[in-house]
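1. missing the sequence, but the structure's below:
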């Protein structure tokens, strides 16, 4: 059966001597694998369609739920800027790998697709890369069913002053100091960071404007989001390791 779908290339791998297999995140069909014959050949008319982060329209044959075979395609947005800048490429790779690991095959992908599309669009512009990724991480957590409770204590259900709230990555939300004994390693965060986390929880990436965040708040936010991601999803991503190395050497 012939399918036509708009999709974003979240993974591209060599297959055989001259072919590639790409994984697309699509709006209506979720995650789809497509074989692109001859894509590695210099004169291939489909080579550009297999580049990571490429957003395009793909036409492919597919029987059942197996691997599709590309018939034709057209690039809507190449996102070549993301591949040409080391930092943008690193963050874009992380965004794609994260979605690839969390989104199951055939799972309805409309929300995931639009958030990834918005994330890559924002990364291509001169906006704060870390803020974009932290917001994207929050959307991934929420879509996967692990969105943190940030308004009331996750234990007693009481609303407290921000100064009395801790963040518990293990419990998945904020914990008041009276309930700290339930998770002694719960993290102290500034009210500014807590407010920003709440903004992330409510904001759609497609509506992201320019957000000016102080370095101290950004550093704290990064630690909190990494802890939430590690504790709630428990993924080990190659792209995350690369970002860690870039931080280590301050690239």
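-> Yep, it's here. Just so we're clear, the structure is a prediction, and the values are computed from it rather than from any experiment.
2. Low-confidence ranges, this protein, go.
-> 105-108, 250-251 (pLDDT under 70).
3. how about the most centrally placed residue in it, what does it touch?
-> Nearest to the mean C-alpha position of the chain, by C-alpha atoms, centre = their mean, lies residue 95 at 3.4 Å. Taking C-beta atoms under 8 Å, 6 or more residues apart in numbering as the criterion, residue 95 is in contact with 116, 119-120, 123, 133, 136. For the C-beta atoms, the positions are set from N, CA and C on the backbone; glycine is no exception.
4. Go through these and name the one nearest residue 149.
-> residue 136 (19.7 Å; C-beta to C-beta).
5. Secondary structure element for the closest one, which one?
-> Assigned by DSSP states H and E, residue 136 belongs to helix 129-143.
6. Which of the three states applies to residue 20?
-> The three-state assignment at residue 20 reads strand, by DSSP: H, G, I helix; E, B strand; the rest coil.
7. Ignore what I typed, I meant residue 70.
-> Here residue 70 is recorded as strand under three-state DSSP.
8. partner residues bridging it?
-> Beta-bridge pairing for residue 70 (DSSP bridges): residue 60.
9. wait, it sits on residue 59?
-> Yes. If you go by C-beta atoms under 8 Å, residue 70 and residue 59 touch, sitting 7.4 Å apart.
10. And the two? Which one has more around it.
-> Taking residue 70 and residue 59 together and counting by other C-beta atoms under 10 Å, residue 70 has the greater number of neighbours (22 against 15).
11. related to what we said a few turns ago, check which helices and strands the helix holding residue 136 is in contact with.
-> Other elements packing on helix 129-143 under the criterion 3 or more C-beta pairs under 8 Å, 6 or more residues apart in numbering; DSSP states H and E are helix 86-102, helix 110-124, helix 191-202, helix 215-232.
12. Can you point out the buried residues in it?
-> Neighbour-count burial for helix 129-143 flags 129-141, 143 (criterion: 16 or more other C-beta atoms under 10 Å).
13. and the residue nearest to the centre of the chain, how far is that from residue 153?
-> Counting by C-beta to C-beta, to the nearest Å, the gap from residue 95 to residue 153 is 32 Å.
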